[in-house]
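Undergrad: 3D model of this:
(one chain, ligands or ions: 1)
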Amino acid sequence: MLNWHRGIQLFCVLVLVGLWMMNIDGLSAAATSAEDDEQRARRFIQRHESTIAPLEIEVNRHWWTANVSGKDDDYRRKLEAETKLNMALADPEAFAELKAIRAGQIADPIVRRQIDVLYLQYLGKQVDPELLKRIVEKANLIEQAFNVHRPRINGKELTDNEVRRVLRISKHSAERKAVWEASKTIGSVVEKDLKELVRLRNQAARKLGFGDYHKMQLYLAEQDQEQVLRVFDELDELTRKPFRQAKAEIDALLAKQCNTSVEELRPWHYHDPFFQESPDVFHEGSEAFYSTLDVVKLCREFFGGIGLPVEGILARSDLYEKKGKNPHAFSLDIDRAGDVRVLANVVPNRQWLDTMLHELGHAVYSENISRKLPYVLRTEAHPLTTEGVAMMFGRLADDAGWLEAMGVKLPDAERFRAAAEKRRRNALLIFSRWCQVMVRFEAQLYANPDQDLNKLWWDLVEKYQEVKRPEDRNLPDYAAKIHIVSAPAYYHNYMFGEMFASQLHHTIAREVLGGVHPRKAVYVGNKGVGRFMIERVFAPGLSMDWNALTRHATGKDLGPADFAADLQVD
Ligand SMILES: [Zn+2]
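TA: Below you'll find the model as predicted:
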């Protein structure tokens, strides 16, 4: 009975609201006050929270389950949930309403921010469904080609690991060349489809009023192509000289490895197909040392010690290898309400120490976003800010001072310190020059897909990575990089993340650790570091855009100065 009464009451209220709304609709537009705009905004947000948020949480749950189990059924359910969410966000009526609300006056900054964030989220889904379908199909087709394609040499198939192994150890230039060339054959397989995909993506972007797809993707991520390229120009200036020095030392060792001259070095002399990683030429032999460490225990003690305990996260996580499970690692905030988990495949080595520090960096960020924020803003400010935090913690794996402060006994402390320092510096330098190629190539690819892309690619490689192009080769080597298909217009965020990491680290050294030199700054056991991270980086969530958050956290705009300072040789 009680419920029935309640039902009647609720019905009456709804009728009254309906009549009231009819009155409002009857008024002229000019009379609509700022307060009404804000009311409409609040109603829209409320509806979003009650309809879209559950779908997002559903996607996250299926995402987790599928990646842990690897089962087809779980992947099917994940895809279904994703499709449902995308359809809801694509609703043109909801978008039209949102657009009108956004143009109105909204005084409350938290309501205004939510509307701005939602606008971009819905805008990205307003692509004509037929066109969207063609884009998704084309991208899937190419990704599948990547998955099934194997490089071949003399009729024998090579796995990715075998390619890397030859590039790491072979002393014969001819063998290296053959394997490297085989690793690029996927480029010619997907070239035509990739060009078509670029055209389709551009078509979608133009329909939404953007110059091209790259510009649109950046706009949707609250970034601006001009600003991004300006920062990359500055970064280029600051890294060129130290990169040349580091590369000269590496090149000499690579030439020696193959009994050739530095002049004769070509792309296949580097240890990975794109020269995005530091070649393994220094043989400092620290792997044996890392294999003695208890990775998870070290991480638990470290994060707990700085006031960012991870017990809850670890308890919900899936940390070790299993059949069918995704072999990589990620952190996932399931519900923006405290259910944060890490998927990993921990084995005791250097790479997994770095990876676990990295993923738990993502996880403590998600967990410490203020719960007082509304759902829409209760998430990270930007991919680059969460990558930056994760990278800042991941770098500790190569920090001798950190290991010692954690009570780890280093085999030959001085030698270890020097080797780890060089490894860290070379990795950052080489990655930064590689990012220059990717970011500039993608921007120009979408700006003018009809130009000579093979030439553009090698022009950029020669300019930024300073690797000589192979003679008499005119093939689509750019198309061998899967990121262009699967994570378009995203690569700059990895580099911005590195810069954010350096800028944060310098701020902590200055403001929390009493002005110690950043190279000597050790966080271990210092609760002030955790407090700084919570107050200045995590808590604001998406209530600030990444530019504002960077200023809030570090006192200045994001730039390459601190990153470059970290690359100096003492
Ligand atoms: Zn990450």
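Undergrad: List the contacts of Ser502.
TA: Residues near Ser502 by C-beta atoms under 8 Å, 6 or more residues apart in numbering: 392, 562-563, 565-566. Yep, even glycine has a C-beta here, placed from its N, CA and C like the rest.
Undergrad: okay, who's weakest in those residues by pLDDT?
TA: Minimum pLDDT for the contacts of Ser502 is recorded at Asp566 (92).
Undergrad: That one - nearest residue in space that isn't next to it in sequence?
TA: Ser502 (5.0 Å; C-beta to C-beta, 6 or more residues apart in numbering).
Undergrad: For the one helix or strand that neighbour maps to, buried residues please.
TA: In this structure, Ser502 sits in helix 492-511 according to DSSP states H and E. Buried residues in helix 492-511, counted by 16 or more other C-beta atoms under 10 Å: 492-509.
Undergrad: and it, what's its mean pLDDT?
TA: On average, helix 492-511 scores 97.
Undergrad: Dump the C-alpha coordinates for it into PDB.
TA: Output of helix 492-511 as PDB, limited to C-alpha atoms (Å, rounded to 0.1, in the frame of the first residue of the first chain):
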ATOM      1  CA  HIS A 492      52.400  13.100 -28.600                       C
ATOM      2  CA  ASN A 493      50.800  12.200 -25.300                       C
ATOM      3  CA  TYR A 494      53.600   9.700 -24.500                       C
ATOM      4  CA  MET A 495      56.100  12.500 -24.900                       C
ATOM      5  CA  PHE A 496      53.900  15.100 -23.000                       C
ATOM      6  CA  GLY A 497      53.700  12.500 -20.300                       C
ATOM      7  CA  GLU A 498      57.500  12.300 -20.000                       C
ATOM      8  CA  MET A 499      57.600  16.100 -19.800                       C
ATOM      9  CA  PHE A 500      54.900  16.200 -17.200                       C
ATOM     10  CA  ALA A 501      56.800  13.500 -15.200                       C
ATOM     11  CA  SER A 502      60.000  15.600 -15.200                       C
ATOM     12  CA  GLN A 503      58.100  18.800 -14.300                       C
ATOM     13  CA  LEU A 504      56.400  17.100 -11.400                       C
ATOM     14  CA  HIS A 505      59.600  15.600 -10.200                       C
ATOM     15  CA  HIS A 506      61.400  18.900 -10.200                       C
ATOM     16  CA  THR A 507      58.500  20.500  -8.300                       C
ATOM     17  CA  ILE A 508      58.600  17.800  -5.600                       C
ATOM     18  CA  ALA A 509      62.400  18.200  -5.300                       C
ATOM     19  CA  ARG A 510      61.900  22.000  -4.900                       C
ATOM     20  CA  GLU A 511      58.700  22.200  -2.800                       C
END
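Undergrad: all helices of the stretch 51-200 of the chain, in order?
TA: 72-90, 92-103, 109-123, 129-148, 160-169, 173-183, 185-207 (DSSP state H, counting those that start in this stretch).
Undergrad: now the longest one and helix 129-148, what's the angle there?
TA: Helix 185-207 runs at 160 degrees relative to helix 129-148, counting by axes from the mean of the first three to the mean of the last three C-alpha atoms, to 10 degrees.
Undergrad: one step back: now list the buried members of the contacts of Ser502.
TA: 392, 562-563, 566.
Undergrad: mind listing which of those residues are in helices?
TA: 392, 562-563 (DSSP state H).
Undergrad: how about the helices of the stretch 51-200 of the chain, which one is nearest Lys481?
TA: The closest of those to Lys481 is helix 185-207. By C-beta to C-beta, the value is 8.5 Å.
Undergrad: by contact count, what packs against that closest one?
TA: Using 3 or more C-beta pairs under 8 Å, 6 or more residues apart in numbering; DSSP states H and E, the elements in contact with helix 185-207 are helix 129-148, helix 213-220, helix 413-447, helix 483-486.
Undergrad: ok, and what's touching it?
TA: The contact list for helix 185-207 (C-beta under 8 Å, 6+ apart) reads 127-128, 131-132, 134-135, 138-139, 141-142, 145-146, 149, 151-152, 211-213, 215-216, 445-446, 449, 475-480, 484-485, 488.
Undergrad: Next: stretch 240-254.
TA: 262, 265, 269-270, 278-279, 281-282, 425-426, 429-430, 432-433, 466, 564, 567-569.
Undergrad: what about burial for those residues, which qualify?
TA: Of those, these count as buried by 16+ other C-beta under 10 Å: 265, 269-270, 278-279, 281-282, 425-426, 429-430, 432-433, 564, 567.
Undergrad: Out of these, which is nearest to Met356?
TA: For the buried ones among the contacts of stretch 240-254, the nearest to Met356 is Ser278 (20.9 Å; C-beta to C-beta).
Undergrad: Please identify the nearest residue in space to that closest one, excluding sequence neighbours.
TA: Asn426 (4.1 Å).
Undergrad: Tell me, please, where in the stretch 1-150 of the chain the pLDDT is lower than the cut-off.
TA: Within the stretch 1-150 of the chain, the ranges that satisfy pLDDT under 70 run 1-32.
Undergrad: circling back to that earlier point, selection in PyMOL covering whichever of the contacts of helix 185-207 are buried, please.
TA: Those of the contacts of helix 185-207 that count as buried under 16+ other C-beta under 10 Å are selected in PyMOL with:
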select buried, resi 127+132+134+135+138+139+142+145+146+151+212+213+215+216+445+446+449+475+476+477+478+479+480+484+485+488
